[in-house]
Structure formats: structure tokens, C-alpha cells
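Undergrad: Can you look at this prediction? I've put the sequence above it.
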Amino acid sequence: MIKKVIEDAINQQIVREMYSSNLYLAMSAYFASINLNGFSNWMHVQAEEEMMHALKFFDYLIDRGGKVKIGQIAAPPSEWESPLAAFEDALRHEQLVTGWINELADLAFNEKDHATSSMLQWFIDEQVEEEATTGEIVERLKLIGDSKGALFFLDNELKQRKSEPKQSGE
Ligand code: FEO
């Protein structure tokens, strides 16, 4: 049976992952509204990934005999000043998520919950990738500056991102 303190922390993380999903869905809508459909697609796929993260925590808690409680999810913003502002927000958010995952890992370690530590390793690795890919787009948008041509070139590239098929055993 999972300890209550770990159960509470995972339930809190489920809400945070759902918020992340909604945040990126809001960004997807923002990009669609300014006709950057590649950026919109990228954020749409990102929103799906965040929901997958929430479900991973959800399934884990059930597997451990814990009680899932879905808490209140705050509304995300719906407008950004520019594509760069939206991606800077996304990067800041991912850095925040990395901090929360690290706190969870510290808690699991202190509570000697080895199964939770093992499960969290996937998220620790995932955060490295999430920050790197989001950070790369931030840097490219800074380089692009006011160049509409370069912006549409990147938009075309981001159109290629596809949803990841759910891997077996996850
Ligand atoms: Fe689920 Fe992007 O962290």
C-alpha cells in the first residue's frame, strides 16, 4: 500500500500535468488564431503528451492501490504577445515542472518508496528532453526576430510533429 504523503503528492502532480495539457491546448488555439498552424500542431501534440503524463501518474497510483482524487484545474491564459512570448512561457512552465518532479523524487527517496523512485526516473529523463526541445524553439524564435519568412519556415517544420503512439508496457 502506498503512503498517504506519496498518494497526495501524486494526486497533486496529476492536476499539474492536466494543467500543463490545458496550457498547451490554449497555446495551440492562440497559434491557430494567428494562422501559425505548424506551431498550433506542435502545441496540440504537446498537450496530448501532457495528458499522457497525467494518465501515467493516474495508472501508477491505481496499480499501487492508491486513491485517485482529481483536484481543481486552474484556467490557463489564452493570449500571448507573440510566438516568442508563448514559447518563453512554455519553457518557464517546463522548468517549474522539472522542479516539481525533483521534489517528488526527493519525497520518494526520503520515504524509501523505491517503486515510486523508479517510476519517477522516466519523468526525470523526460524533463531533460522537454526543456531542451522547448528551449531550442525559444532560441530559434529569438534568432528569427521580425523575419516573417523565417517564421513561416519554422512553422512548416513544426507541422511535421506527430503524436507519439502509446508504447506498450507504459
Ligand atoms: Fe509533463 Fe511537460 O511535463
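TA: It's in.
Undergrad: Contact residues of this structure facing the ligand?
TA: 17, 20, 50, 53, 94, 97, 130 (CB under 6 Å from any ligand atom). Where C-beta positions appear, they are placed from N, C-alpha and C, glycine not excepted.
Undergrad: Mean confidence (pLDDT) on stretch 152-170, please.
TA: Average pLDDT, stretch 152-170: 82.
Undergrad: Show me what counts as buried in it.
TA: 154-155, 158, 161 (16 or more other CB atoms under 10 Å).
Undergrad: Now tell me what touches that stretch from outside.
TA: 36-39, 41-42, 45, 48-49, 52, 56, 137, 140-141, 144 (CB atoms under 8 Å, 6 or more residues apart in numbering).
Undergrad: what do you get if the cut-off is 10 Å, keeping everything else the same?
TA: Contacts with stretch 152-170, where a contact means CB atoms under 10 Å, 6 or more residues apart in numbering, come from 31, 35-46, 48-49, 52, 55-56, 59, 83, 122, 133, 137, 140-141, 143-144, 147.
Undergrad: just to revisit the earlier point, what's the closest of the buried residues of stretch 152-170 to Ala105?
TA: Arg161 (28.2 Å; CB to CB).
Undergrad: Checking the residue nearest the centre of the chain next. Helix, strand or coil?
TA: Centroid-nearest residue in the chain: Glu50, 4.4 Å away (criterion: CA atoms, centre = their mean). Using DSSP: H, G, I helix; E, B strand; the rest coil, the structure places Glu50 in helix.
Undergrad: Please renumber the chain so that the first residue is 56 from this point on.
TA: All set: I'll call the first residue 56, so the last point we hit is now Glu105.
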